[in-house]
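Asker: Curious how this folds, go ahead:
(2 chains)
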There are 2 protein chains.
Amino acid sequence: MLNDLSFLKSVLPAAAIEAGATVLGESFHQFSPQGVSGVVVIAESHLFIHTWPECGYAAVDIFTCGNDVEPEKAARRIVRELKAKNHSMLEIQRGILDTEE
Amino acid sequence: MLNDLSFLKSVLPAAAIEAGATVLGESFHQFSPQGVSGVVVIAESHLFIHTWPECGYAAVDIFTCGNDVEPEKAARRIVRELKAKNHSMLEIQRGILDTEE
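Answerer: Numbering: from 1, shown residues only, chains lettered A, B, ... in the order given. Below is the predicted model of the structure:
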């Protein structure tokens, strides 16, 4: 599954849309002998996946800005689609967080 | 500078190469009225930049795998090229870190 380019090409944009993001473009790369890197550029930043099938491991970045996108929804969708036995999530706040000042 | 697509298109691959990475492709997007998102896909993962010229802010991800790339070099190059008055860096270790076991 982690080496299935067409599968991953469908999962990542679907996760972006589920999070409420606007997909602008995508770029995927199949590595030899194995592994996939893929990015979906969204109006609210990006989603990225890198897979290491030989380790049963995928790293996913979900980077969003604004308050209209729910990145957790994209994360949960990807965990579900990849049938991950284990996963860990780390949320990082970055940038100018308090725009009220 | 943060709204200069062609400038940013030159900075990001140059930073990747300075870090010792192999550039596979790139994709940039100019937002209206302002802002740029750009990715450089490298054999060792990716570099991403998102800019908010109206805030004088850029967010950069430098994601590498393996031991042959020096992501700090790319980070320092980008800070220098953007003439950043302030910057903060956060290094995150992820994945299966101890492959010796």
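
Asker: what are the pairing partners of the strand or helix carrying residue A:50, and which direction each?
Answerer: Here residue A:50 sits within strand A:45-52, counting by DSSP states H and E. Here strand A:45-52 is paired, per DSSP bridges, with strand A:36-42 (antiparallel), strand A:57-64 (antiparallel).

Asker: Single out the most deeply packed of those strands.
Answerer: Greatest average neighbour count among these goes to strand A:36-42 (a mean of 24), per mean count of other CB atoms under 10 Å in any protein chain shown. C-beta: built from backbone N, CA, C; applies to glycine.

Asker: next one: that strand to chain centre, how far?
Answerer: 7 Å (CA atoms, centre = their mean, to the nearest Å).

Asker: How about stretch A:1-8?
Answerer: For stretch A:1-8 - counting by CA atoms, centre = their mean - the centre lies 13 Å from the chain centre.

Asker: before we move on, back to that, for the record, mean pLDDT for the strand holding residue A:50?
Answerer: The average pLDDT within strand A:45-52 is 97.

Asker: Next: stretch A:75-93.
Answerer: pLDDT averaged over stretch A:75-93 gives 96.

Asker: Residues in contact with it: which ones?
Answerer: A:1-2, A:11-12, A:14-15, A:18-19, A:49, A:58, A:60, A:62, B:90, B:92 (CB atoms under 8 Å, 6 or more residues apart in numbering or on different chains).

Asker: closest to residue A:70 among the residues you listed?
Answerer: residue A:19 (5.2 Å; CB to CB).

Asker: any idea how far that closest one lies from chain B?
Answerer: Separation of residue A:19 from chain B (CB to the nearest CB, to the nearest Å): 16 Å.

Asker: Then residue A:83?
Answerer: Distance from residue A:83 to chain B, by CB to the nearest CB: 18 Å.

Asker: residue contacts, residue A:57?
Answerer: A:2, A:51, B:95, B:96.

Asker: okay if I get these as JSON lines plus distance to residue B:83?
Answerer: Shown next, in JSON lines, are those (distance: CB to CB, whole Å):
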{"residue": "A:2", "distance to residue B:83": "40"}
{"residue": "A:51", "distance to residue B:83": "37"}
{"residue": "B:95", "distance to residue B:83": "33"}
{"residue": "B:96", "distance to residue B:83": "38"}
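
Asker: Kindly give a single PyMOL line that selects the buried subset of the contacts of stretch A:75-93.
Answerer: To isolate the buried subset of the contacts of stretch A:75-93 in PyMOL, counting by 16 or more other CB atoms under 10 Å in any protein chain shown, use the following:
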select buried, chain A and resi 2+11+12+14+15+19+49+58+60+62
